[in-house]
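Visitor: Make a model of this:
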Amino acid sequence: MKVFAIALAATFVATTAQAAPPAAPAPEPIRGTVTSIDARKIVVKTKAGPRAVDLTPDWTVQVTKPIAVTEIREGSFIGTAEMPQEDGSGRSLEVHVFPPGVKVGEGHYAWNLRKGSMMTNGTVGKVTAGAKGRELQVSYSTGTRRIVVPAKVPVVQINNGERGLVRKGVPVFLVAFPKPAGGQIAGSVAVGVNGSKPPM
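Guide: Residues are numbered from 1 along each chain as shown. Below is the predicted model of the structure:
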């Protein structure tokens, strides 16, 4: 079965966040709009300015398709950017559901969607309807978190896509890895359905 490159990126981010020495260059999640793209490089306009990232020869495209929160069920493997709450739970900022059989990036680690945000990847257990939104028990190798998904939080399914979907003017998300000789490289680029913004 083909393993999604964006999922592999999540694994690398998780491993780096949890185990790498403090001085080790970390992979960087990048969000923005494509200003140019060819087979070997993508340039993305971000809030901080343009970012040029090399692409691996076999780079892939992932498409985030909106789904209903009710499609998250017991046994689903998800990733969610979340804000830790005082009661020990997490308030979801977005949820992305991995394809059946893909379980990578497992854990709870720092993320850069918002200041203080975290990423939790794990398997959904009990699902309940709470006063503040849908509540998910998410388990990973080192623990369990209670995640609250408010009503208007984006929930998406990750699917494979074609390279032609990544073009000038399209919002994208990618994880850029440091190259030994300098610069950054990515093995996948995520886009939303019909040019929408990937929520990660």
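Visitor: partners of the lengthiest strand in the chain in the sheet?
Guide: For the chain, the longest strand by residue count, based on DSSP state E, is strand 49-66. Looking at strand 49-66 with DSSP bridges, its partner strands are strand 41-46 (antiparallel), strand 155-161 (antiparallel), strand 184-192 (parallel).
Visitor: Quick check: next helix or strand after the second one?
Guide: Tracing the chain past strand 155-161, the next element assigned as helix or strand by DSSP states H and E is strand 171-178.
Visitor: and that following strand, what does it pack onto?
Guide: Judged by 3 or more C-beta pairs under 8 Å, 6 or more residues apart in numbering; DSSP states H and E, the packing partners of strand 171-178 are helix 5-19, strand 28-37, strand 41-46, strand 49-66, strand 184-192. Quick note: C-beta positions are derived from backbone N, CA and C, even for glycine.
Visitor: Specify the stretch among these that is closest to residue 121.
Guide: Closest approach to residue 121 among those (C-beta to C-beta): helix 5-19, 6.2 Å.
Visitor: any idea of the mean pLDDT for the closest one?
Guide: Here helix 5-19 scores 46 as its mean pLDDT.
Visitor: Also stretch 71-79?
Guide: 97.
Visitor: How far away from the center of its chain is that stretch?
Guide: Its chain's average C-alpha position is 15 Å from that of stretch 71-79, according to C-alpha atoms, centre = their mean, to the nearest Å.
Visitor: Please apply the same query to stretch 28-48.
Guide: With C-alpha atoms, centre = their mean, you get 16 Å for stretch 28-48.
Visitor: Check stretch 60-80 too.
Guide: Distance of stretch 60-80 from the chain centroid (C-alpha atoms, centre = their mean) equals 11 Å.
Visitor: do stretch 116-127 as well
Guide: Worked out by C-alpha atoms, centre = their mean, stretch 116-127 lies 12 Å from the chain centre.
Visitor: Can you give the contact residues for the helix or strand where residue 94 lies?
Guide: Counting by DSSP H and E, the element that carries residue 94 is strand 90-97. Applying C-beta atoms under 8 Å, 6 or more residues apart in numbering, the external contacts of strand 90-97 come out as 64, 67, 69, 71-72, 76-85, 113-114, 117-118, 120, 132-133, 145-150, 153-158, 199-200.
Visitor: Weed out the non-buried ones from the residues you listed.
Guide: 64, 69, 72, 76-83, 113, 117-118, 120, 133, 145-149, 153-158, 199-200 (16 or more other C-beta atoms under 10 Å).
Visitor: How about the secondary structure of residue 100?
Guide: Per DSSP: H, G, I helix; E, B strand; the rest coil, the local secondary structure of residue 100 is coil.
Visitor: Is there a neighbour count for it? I'd like the number.
Guide: Residue 100 has 10 neighbours, counted by other C-beta atoms under 10 Å.
Visitor: Now the phi/psi pair for it, please.
Guide: Main-chain torsions, residue 100, degrees, to the nearest 10: phi -50, psi 130.
Visitor: and it, what does it touch?
Guide: Shown in contact with residue 100 (C-beta under 8 Å, 6+ apart): no residues.
Visitor: okay, the helices and strands packed on strand 171-178 in CSV with distance to residue 95 next?
Guide: Below are the helices and strands packed on strand 171-178 laid out as CSV (distance: least, C-beta to C-beta, whole Å):
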stretch, distance to residue 95
helix 5-19, 14
strand 28-37, 16
strand 41-46, 23
strand 49-66, 11
strand 184-192, 14
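Visitor: Thanks a lot, catch you later.
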